[in-house]
Every structure is written in structure tokens, then in C-alpha cells.
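Peer 1: My questions are about this predicted structure, shown below with the sequence.
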Amino acid sequence: MPPMSNGRATSRQARLVPKNGNPVKESLPAPFVIGRTLEDHSSNHRSHPDFMTSLARGMAVIRAFSNETQSLTIKQISETVGISRAAVRRCLYTLGQLGYVSSGGPAFSLRPRILALGYAYLSSTPLAVSAQPLLDQVSSTLHESCSLAILDNDEILYLARSKTTKRIMSVDLRVGSRLPAYCTSMGRVLLAGLPPDEIRAYLNRVNLRPYTERTVTSRDRLIEILHGVRTAGFAIVDQELEIGLRSIAVPVKDDLGSTIAAINLGLHSSRVSLGKMRGQFLPHLRSAASELSAPTFPRAGNSHFRKDAKI
């Protein structure tokens with residue numbers, strides 16, 4: 001098994017070359033390139049008697065595939081997820097028999113049946129279903145991409161998205177995409193909605209890597225920023241995830257006022273100033289979030305706390 005470092009992908013793993021011959025850009029943030037390793041998923045749960053390592057391996061194999069790595073060999077999957085080639089081979093055989101993967105020579109790819117796994121969740125999630133027409137309306141009015149996401153572990157997970165023809169990022173974000181929370185506008189809105197002790201725990205365990213020269217990686221500074229986000233009720237991130245990308249986000253709340261999701265607008269810094277984002281775009285986002293918020297959705301489980309609570 002190739003050497004791993006803190007459950008993160010090595011530089012070699014970040015340079016996987018798919019079967020189509022298009023190399024993954026090394027400049028892309030790690031969450032854009034590959035999924036988490038098996039260690040990231042299961043290290044805290046393996047001691048539980050009900051934990052199924054074989055199932056965890058199968059899920060890790062599925063998550064190794066992405067928009068940038070649509071076709072992978074057993075060797076590449078093994079290096080990506082951190083499990084043996086023999087285990088990967090057994091997982092792929094089982095997934096193939098169930099109709100979830102197919103092989104073409106030494107490389108494997110996901111089959112359309114895999115969509116049923118995600119669709120089962122999305123079709124049963126009223127938030128994602130209700131959000132889509134609102135996102136489409138905001139995007140059509142402002143001519144910018146509008147998205148909805150939740151906090152899933154330490155990342156944001158896109159549940160709905162309305163895109164324009166303007167490409168503003170080096171990768172194509174879609175439903176199911178994940179991004180780091182600490183340097184994205186939706187991530188900061190979602191983090192600001194957590195209890196103070198959970199915010200501190202998050203900042204202590206996450207690797208705050210700089211994606212650009214503008215990325216805030218100081219824990220103390222991020223605590224100040226999150227306090228400001230909680231007070232203001234919105235977050236703006238200016239080119240911290242990718243140069244040229246600006247975004248603004250607001251929270252979606254449940255019936256007790258707890259943050260359950262976030263919606264945002266992503267745009268290119270050359271087109272829209274920060275002042276225009278606050279003055280013209282923010283009201284549209286707040287209006288959409290208000291329609292999605294209580295009493296439409298019951299409490300989702302996040303603890304509610306006062307705006308003046310200390311982080």
C-alpha cells in the first residue's frame with residue numbers, strides 16, 4: 001500500500017490521469033480532485049461491533065470516481081482510497097455484478113445505475129426539491145449561478161444548483177460536489193450557524209490550507225470572520241477558493257431559527273464589485289432564503305443560540 005499522510009492524498013495521487021488522457025490539474029484543491037480515503041471515513045468507527053468494513057470499502061471505491069477521474073484502474077483506485085488492490089478488485093467485481101460499474105480493459109467506470117443512490121436522497125429531500133425553482137429564478141434575474149448546500153462533515157455538499165452559461169471556476173460544480181467550508185461563502189454561513197464549541201472543534205481538526213494567496217488560514221481570524229457572518233446574516237468570500245471567484249451566501253433556517261442550509265451566488269470578480277454584491281444581489285438571496293425557511297421546514301438538529309454568543 002502506498003504511503004499515506006494523515007489520511008490525505010499524496011501528490012502522486014493528485015496527478016491521476018483518466019483514461020481519456022486529460023490529466024487532473026495539480027492546481028485544483030484536493031476536494032475537487034478525489035474523494036476522501038477510507039481512513040477519513042472509518043477511523044473513528046471501526047471499533048464499533050456493527051461497523052462493516054467491506055461496505056465502507058465499497059463506498060470508498062465509488063467515491064474515488066469524479067468528474068475529473070471518470071475512468072480508473074484498480075491501481076489508481078487503490079492509491080486514491082488507501083486500500084489494497086485485492087480489496088479494490090473484489091469491490092469492483094461486486095459493484096459490476098450489481099450493475100453499478102463497468103470495465104473497458106484495465107479501467108473501470110461508473111454506470112448510470114449509480115444515479116439511483118443519490119436520487120433516492122434528493123427525491124426524498126423537500127429542501128432540495130423546493131429550492132430548485134427559487135434558485136432558477138434568482139439565477140435568471142441576476143444572470144449568475146445560484147446554489148444550495150448543506151454542511152456534511154467538514155465540507156459543504158451541493159444539493160441543488162442553477163447554472164448560467166458563464167463558466168467562473170476551473171471545475172464544473174454540480175449537485176453532489178463538495179468544497180471546503182472554511183474558505184467558501186456557503187461554508188462560512190453554515191459554520192457560523194454552529195454552536196461555538198463545534199466551531200472551535202472544526203477549526204482545530206481541519207487542515208486550513210491556502211488555496212490562493214487570499215485564503216484566510218488563521219484560526220483566530222476565521223473565528224472573527226464567523227462572528228461577523230453570524231451577526232450580519234451573510235458571508236462574502238473574495239477569491240479565497242480560486243482567483244477570480246467571488247461569492248455571497250445567506251442562511252436557510254428552520255422553524256427554531258437554526259441554520260439548516262445556505263444559498264449563494266457565484267460570480268467573476270471582474271464583472272461585479274463587492275458593493276454591488278451587497279447592495280443588489282444580497283436582497284434577492286435573502287428573499288429566496290426567506291421563502292425556503294420556516295415554517296416550511298422543521299428543525300434539522302443544529303442547536304440554536306443567540307447572535308451575541310461568544311465563539
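Peer 2: Yes, it's here.

Peer 1: Pop out the phi and psi values for the residue lying closest to Ser185 once chain neighbours are set aside.
Peer 2: Excluding its sequence neighbours, the residue lying closest to Ser185 (Cβ to Cβ, 6 or more residues apart in numbering) is Ala249, at 3.7 Å. Yep, even glycine has a C-beta here, placed from its N, CA and C like the rest. Torsion angles at Ala249 (phi, psi; degrees, to the nearest 10) stand at phi -140, psi 150.

Peer 1: try the one 10 residues further on
Peer 2: With angles defined as degrees, to the nearest 10, Thr259 sits at phi -80, psi 120.

Peer 1: Please apply the same query to the one 5 residues further on.
Peer 2: With angles defined as degrees, to the nearest 10, Asn264 shows backbone torsions of phi -140, psi 170.

Peer 1: quick revisit: any idea how many residues pack against the residue nearest to Ser185?
Peer 2: 29 (other Cβ atoms under 10 Å).

Peer 1: For the spatially most central residue of the chain, list the residues it contacts.
Peer 2: Taking Cα atoms, centre = their mean, the centroid of the chain lies closest to Arg178, which sits 2.0 Å from it. By Cβ atoms under 8 Å, 6 or more residues apart in numbering, the contact set of Arg178 is Pro31, Asp152, Glu155, Ile156, Leu157, Tyr158.

Peer 1: Just grab the bridge partners of it for me.
Peer 2: Leu157 (DSSP bridges).

Peer 1: What score does it have for pLDDT?
Peer 2: Note on Arg178: pLDDT of 90.

Peer 1: Relative to Ala149, how far out is it?
Peer 2: Applying Cβ to Cβ, to the nearest Å, the value for Arg178 to Ala149 is 9 Å.

Peer 1: residues shared between the contacts of the two?
Peer 2: Ile156, Leu157, Tyr158.

Peer 1: What is the neighbour count of the first one?
Peer 2: Other residues within reach of Ile156, judged by other Cβ under 10 Å, total 29.

Peer 1: Where does the prediction get shaky in the stretch 201-311 of the chain?
Peer 2: The stretch 201-311 of the chain contains residues with pLDDT under 70 at 294-311.
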